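Chemist: A structural model of the following input is requested.
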Amino acid sequence: MRHFLAITLCFAATSVLADHELDSRDLSNGQSLYAEHCAACHGANLEGQPDWRTPDENGVLPAPPHDQTGHTWHHDNQLLFEYTKLGGEAALSARGVTGFASGMPGFGETLTDEEIWDILAYIRSTWPERVQDIQAARNPPHE
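Modeler: Numbering: from 1, shown residues only. Now for the predicted structure:
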């Protein structure tokens, strides 16, 4: 009985910290899709565009890095998914944020949901474990 409880507690703790949507994804597919659809703006090495924190004359920020130096890992999985599928302005508008100028287009007509999740999982896989853990904690627990 003690072993069963220990195993159950370990499973429960793991499921609370899991990334759910990013678990068990095809990282190779995500890497290929990233190279095809994302690298032109976000960089082949996830480095982003120069001066990504400085808006252009229209108030649009350059594409940020997706490596650990950027802010991608500051967001939960669902926002990252919506941002990719709908585009920056539409995703934030759906969450009640208005007046944000984003250059990020929506890829919902180009990529399937599964492909978007593969890309996000690939990006996450490049972060150090500490950063992955911080980002994982930003996700609501799955029931």
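Chemist: where does the protein dip in pLDDT?
Modeler: For the chain, the stretches with pLDDT under 70 are 1-19, 142-143.
Chemist: Contacts for the helix or strand encompassing residue 40, please.
Modeler: In the assignment (DSSP states H and E), residue 40 maps to helix 39-42. Under the contact criterion CB atoms under 8 Å, 6 or more residues apart in numbering, helix 39-42 has outside partners 34, 48-49, 63-66, 103. The C-beta positions use only the backbone N, C-alpha and C, and glycine is treated the same way.
Chemist: let's see 7 Å
Modeler: 48-49, 63, 65-66 (CB atoms under 7 Å, 6 or more residues apart in numbering).
Chemist: Just the buried subset of those residues, please.
Modeler: Taking 16 or more other CB atoms under 10 Å as the criterion, what is buried in those is 48, 63, 65-66.
Chemist: Let me know the closest of those to residue 109.
Modeler: Taking CB to CB as the measure, residue 109 sits nearest to residue 63 out of the buried ones among the contacts of helix 39-42, at 19.4 Å.
Chemist: Residue 141 versus that closest one, what's the distance?
Modeler: Computed with CB to CB, to the nearest Å, the distance linking residue 63 and residue 141 is 31 Å.
Chemist: List the buried residues for stretch 51-65?
Modeler: By 16+ other CB under 10 Å, the buried positions in stretch 51-65 come out as 52, 61-65.
Chemist: which two in those residues are spaced the farthest apart?
Modeler: Counting by CB to CB, the most remote pair of the buried residues of stretch 51-65 is 61 and 65, 11.8 Å apart.
Chemist: For the protein, which segments count as strands?
Modeler: Taking DSSP state E as the criterion, the chain contains no strands.
Chemist: dump the residue contacts of residue 48.
Modeler: Contacts of residue 48 (CB under 7 Å, 6+ apart): 42, 63-65, 70.
Chemist: In JSON lines, list the residues you listed along with distance to residue 88.
Modeler: Below are these laid out as JSON lines (distance: CB to CB, whole Å):
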{"residue": "42", "distance to residue 88": "13"}
{"residue": "63", "distance to residue 88": "10"}
{"residue": "64", "distance to residue 88": "11"}
{"residue": "65", "distance to residue 88": "15"}
{"residue": "70", "distance to residue 88": "14"}
